[in-house]
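Asker: Predicted model and sequence below, questions to follow.
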Amino acid sequence: MRRGRPAGPTGSVVRRAFRLLDAFDAQRRALTLSEIARRSDMPLPTVHRLLRDLCALGAVERGDDGLFRIGLRLWEIGSLAPRGQGLRERALPFLEDLSQITKENVQLAVRESTEVVFVERIAGSGAVPVLTRVGGRFALTATGVGLVLLAHAPAEIQATVLSMPIERYTPRTVTDPAQLRRMLADVRAQGFAISDRQISMDTLSVAAPVQDGHGQVVAAVSLVVHHGSTSPHFLVPLVRTSVRALSRALATPG
């Protein structure tokens, strides 16, 4: 899922640079100059000038095939984000333990405004294929981690998300705002979320919140399994044990 971009071809240089970078996504990692201009909705001369500067800085790279790609410099800078790399480093031992015990997909995610951003994903042996990827974004309304993060988001964020069109991924995706509000209340009361075939018809996700030392929900961890392979309530204690251990680690200065 891609973030919305500002309307019109004008704006600050920084804003236009981000619009240009937003032309790339998981399905389109290499683009021509004209494709970038079209996808960023900016004039070709503007895109050419921005690309020249971004290439000089290492934020964008141009291959021998003439196609442009995101540069390693952006990865180096992005790895410094405390909610990404720092959280991932503290969480990784607990995620690996959970993956080894279950042999299933384990995911760590945070909320960025009205979307989920996946910080880490460990694929277990024989685990069901998933649509998510590290660094990828998704709706808050359908995934297990998304439901957890939305349930603990500020009221204004919940109101914004539930007032927007809610994407349907499968026939089982919940798109009714009233029903979603009831689900979010259950998540807060129970301490976990279950997303049953809401993203794909062969997956089921169980997620729970990660808290910092102040009791604030800062992330969510989920297990994603083949639908029908096991009872979700068998997975709940495993996920909750993992997040409690991670929450204690985050509360301890390190």
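Answerer: Good, I have the coordinates.
Asker: Which of the helices and strands in the chain ranks last by mean pLDDT?
Answerer: helix 72-78 (a mean of 74; mean pLDDT, DSSP states H and E).
Asker: Tell me which residues touch residue 33, please.
Answerer: Taking Cβ atoms under 8 Å, 6 or more residues apart in numbering, we find residue 33 in contact with 44, 47-48, 51, 68. In short, each C-beta sits where N, CA and C put it, glycine included.
Asker: And for residue 111?
Answerer: 117, 140, 149-150, 153, 157.
Asker: Assign it to helix, strand or coil.
Answerer: The three-state label given to residue 111 by DSSP: H, G, I helix; E, B strand; the rest coil is strand.
Asker: Show me what it is bridged to.
Answerer: As for beta bridges, residue 111 partners with residue 116 under DSSP bridges.
Asker: Quick one, grab the pLDDT at it.
Answerer: pLDDT recorded at residue 111 is 92.
Asker: Dump the least confident helix or strand of the chain to PDB, restricted to CA.
Answerer: Extracted in PDB, the C-alpha atoms of helix 72-78 (Å, rounded to 0.1, in the frame of the first residue of the first chain):
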ATOM      1  CA  LEU A  72      21.800   2.100  -0.800                       C
ATOM      2  CA  ARG A  73      22.200   5.500   0.800                       C
ATOM      3  CA  LEU A  74      18.500   5.500   1.600                       C
ATOM      4  CA  TRP A  75      18.800   2.100   3.200                       C
ATOM      5  CA  GLU A  76      21.700   3.300   5.300                       C
ATOM      6  CA  ILE A  77      19.700   6.300   6.600                       C
ATOM      7  CA  GLY A  78      16.500   4.300   7.100                       C
END
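Asker: Can I get the following helix or strand past that helix as CSV, trimmed to CA atoms?
Answerer: For helix 72-78, the succeeding helix or strand toward the C-terminus, using DSSP states H and E, is helix 87-102. Output in CSV follows, covering the C-alpha atoms of helix 87-102 (Å, rounded to 0.1, in the frame of the first residue of the first chain):
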residue,chain,number,x,y,z
LEU,A,87,13.0,-2.0,17.8
ARG,A,88,13.9,-4.8,15.4
GLU,A,89,17.2,-5.5,17.1
ARG,A,90,15.6,-5.7,20.5
ALA,A,91,12.7,-7.8,19.2
LEU,A,92,14.7,-10.2,17.0
PRO,A,93,15.6,-12.8,19.7
PHE,A,94,12.0,-13.1,20.7
LEU,A,95,10.7,-13.3,17.2
GLU,A,96,13.3,-16.0,16.3
ASP,A,97,12.3,-18.0,19.4
LEU,A,98,8.6,-17.8,18.4
SER,A,99,9.4,-18.8,14.8
GLN,A,100,11.5,-21.8,15.9
ILE,A,101,8.8,-23.1,18.3
THR,A,102,6.0,-22.8,15.7
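Asker: Just the buried residues of helix 87-102, please?
Answerer: 87-88, 90-91, 94-95, 98-99, 102 (16 or more other Cβ atoms under 10 Å).
Asker: try stretch 199-218
Answerer: Buried, per 16+ other Cβ under 10 Å, within stretch 199-218: 199-200, 203-211, 217-218.
Asker: sorry, back to before: out of the contacts of residue 33, which comes closest to residue 162?
Answerer: Set against residue 162, the nearest of those by Cβ to Cβ is residue 47 (36.3 Å).
Asker: Walking through this protein, point out its strands one by one.
Answerer: 60-62, 68-70, 105-112, 115-122, 137-139, 193-196, 203-211, 217-226 (DSSP state E).
Asker: Make JSON lines from the ones you listed and add distance to residue 233 to it.
Answerer: What follows is the strands of the chain, written out as JSON lines (distance: least, Cβ to Cβ, whole Å):
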{"stretch": "strand 60-62", "distance to residue 233": "48"}
{"stretch": "strand 68-70", "distance to residue 233": "41"}
{"stretch": "strand 105-112", "distance to residue 233": "18"}
{"stretch": "strand 115-122", "distance to residue 233": "22"}
{"stretch": "strand 137-139", "distance to residue 233": "24"}
{"stretch": "strand 193-196", "distance to residue 233": "8"}
{"stretch": "strand 203-211", "distance to residue 233": "9"}
{"stretch": "strand 217-226", "distance to residue 233": "12"}
